[in-house]
Every structure is written in structure tokens, then in C-alpha cells.
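> here's my sequence, what's the structure:
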Amino acid sequence: MLEIQDILVSLDIFTQHFCCDIPTCRGACCIEGDAGAPVAPDEVAQIEQTLEILWDELSPAAQEVIKQQGVTYADPSGELVTSIVDGKDCVFATHDENGVCRCMLDKAYRQQRIKFQKPISCHLYPVRLKDVAGRTALNYDRWDICNCARKLGKQLALPLYQFLKEPLIRRFGQAWWNECDTAYTELKKAGYI
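Model prediction:
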């Protein structure tokens with residue numbers, strides 16, 4: 001682990017290669033797993049504010065889930081996560097004409113229809129934020145559905161932290177990311193990468 005501005009950072013962030021390959025995985029991270037995506041408490045109100053704009057685009061099943069329990073629920077470990085449909089699909093998952101799953105929140109944000117992009121946990125994936133003795137730690141979450149992303153990242157020689165530049169800056173700021181970039185350069189010079 002490295003420490004960058006009081007944030008603990010796994011070396012995997014620098015040593016592993018990654019680049020989402022949506023045409024191959026078809027957006028599986030939005031529909032696989034046994035719970036929704038982690039949501040920070042301050043994100044709930046922001047997500048709820050999008051409902052007026054996005055409601056008619058949600059599937060009837062997603063609308064029903066949201067009516068019953070809201071946009072989030074506590075998973076078995078007590079973590080706040082996005083609500084899911086039929087035990088798997090995020091309520092904000094949508095499928096294009098090719099069956100590729102996309103995030104409705106992210107799509108509407110990029111179209112400048114809403115101001116909230118998506119939960120930071122989704123934006124940062126495959127990196128997960130963990131609380132370690134009151135400090136934030138960044139850890140790489142390896143999941144089989146991302147094998148194609150690891151393969152593409154390796155082909156492109158794209159380190160994980162560079163792939164995640166936009167969400168890392170969103171969460172920690174440009175100065176923090178610049179320190180990550182410096183750390184990567186130093187690790188490479190020292191032969192760790």
C-alpha cells in the first residue's frame with residue numbers, strides 16, 4: 001500500500017492493467033452479483049432528484065421496486081446499495097438495441113439532462129473504497145466478469161489508475177490524481193512496475 005494525501009492506495013492500482021470492454025462484457029457489472037452498487041448516504045438525495053426526469057424511462061419492474069423500497073436498500077452486510085430488480089439488475093440499468101447494459105444515470109448525465117452522474121462506487125469500479133481504521137483505502141476488486149477488461153487493458157498497456165482518471169479526479173481531486181501519476185512514475189523508475 002502507498003499513502004497519497006492520507007488515502008491508502010493498493011499497489012494493484014498502479015501495477016494492474018484495465019480498460020472496460022463493454023461490447024464483450026455487455027455491461028455485466030450492472031446486472032451481475034447479489035446486491036446493488038454501494039451508495040454513499042449523500043448520494044441518495046441526488047439519485048432521488050433524478051427520478052422526476054428519468055421515471056418514464058425506467059422499466060415497469062424498476063418503477064415498482066422503487067415504489068416499494070426506494071432507490072436504495074441495506075444489503076445483508078448493512079451497506080447502502082442501489083435497489084435491484086429480480087435479485088440482480090440495478091434499477092437504473094437499461095439495455096440498448098444490441099442488448100448491452102448501460103447506466104441510465106450516466107447516459108442522462110452525459111446528455112446534460114441531470115446533474116448527478118452515477119454513484120461514485122460505479123464510476124470507480126473495479127476499484128472499491130474501504131474504510132480502514134477510519135481512513136479511506138482504495139482496493140482493486142477482481143471479478144471474473146472483467147476478464148475481458150484486464151485483457152484489453154494489457155493490450156493497451158493502460159494502468160488501472162489511468163483508466164480511472166476521471167472518477168479518481170471526481171472523488172479525490174486533480175492534485176491527488178497528479179500525486180498518483182507521480183507515484184506511478186517513481187514506482188516504474190524503481191522497477192516495481
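> element containing the residue nearest to the spatial centre of the chain?
Residue closest to the average C-alpha location in the chain (CA atoms, centre = their mean): residue 122, at 1.9 Å. Using DSSP states H and E, residue 122 maps to helix 120-124.
> show me how far that helix is from its chain's centre.
The chain centre lies 2 Å from the centre of helix 120-124; the measure is CA atoms, centre = their mean, to the nearest Å.
> helices or strands next to it in the packing?
strand 127-132, helix 165-172 (3 or more CB pairs under 8 Å, 6 or more residues apart in numbering; DSSP states H and E). All C-beta atoms are positioned from the backbone trio N, CA, C, and that covers glycine.
> on that earlier part again, how close does the residue nearest to the residue nearest to the centre of the chain when sequence neighbours are not counted sit to residue 124?
Among residues not flanking residue 122 along the chain, residue 37 sits closest, at 4.9 Å (CB to CB, 6 or more residues apart in numbering). Counting by CB to CB, to the nearest Å, the gap from residue 37 to residue 124 is 10 Å.
> output the lengthiest helix in the chain as PDB, restricted to C-alpha atoms.
With secondary structure taken from DSSP state H, the chain has its longest helix at helix 174-189. The C-alpha trace of helix 174-189 is given here as PDB (Å, rounded to 0.1, in the frame of the first residue of the first chain):
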ATOM      1  CA  GLN A 174      -6.800  16.800  -9.600                       C
ATOM      2  CA  ALA A 175      -4.000  17.400  -7.200                       C
ATOM      3  CA  TRP A 176      -4.500  13.900  -5.700                       C
ATOM      4  CA  TRP A 177      -4.500  12.300  -9.100                       C
ATOM      5  CA  ASN A 178      -1.400  14.200 -10.100                       C
ATOM      6  CA  GLU A 179       0.300  12.600  -7.000                       C
ATOM      7  CA  CYS A 180      -0.900   9.200  -8.200                       C
ATOM      8  CA  ASP A 181       0.700   9.900 -11.500                       C
ATOM      9  CA  THR A 182       4.000  10.900  -9.900                       C
ATOM     10  CA  ALA A 183       3.800   7.800  -7.700                       C
ATOM     11  CA  TYR A 184       3.400   5.600 -10.800                       C
ATOM     12  CA  THR A 185       6.400   7.200 -12.400                       C
ATOM     13  CA  GLU A 186       8.500   6.700  -9.300                       C
ATOM     14  CA  LEU A 187       7.400   3.100  -8.900                       C
ATOM     15  CA  LYS A 188       8.300   2.400 -12.600                       C
ATOM     16  CA  LYS A 189      11.700   4.000 -12.100                       C
END
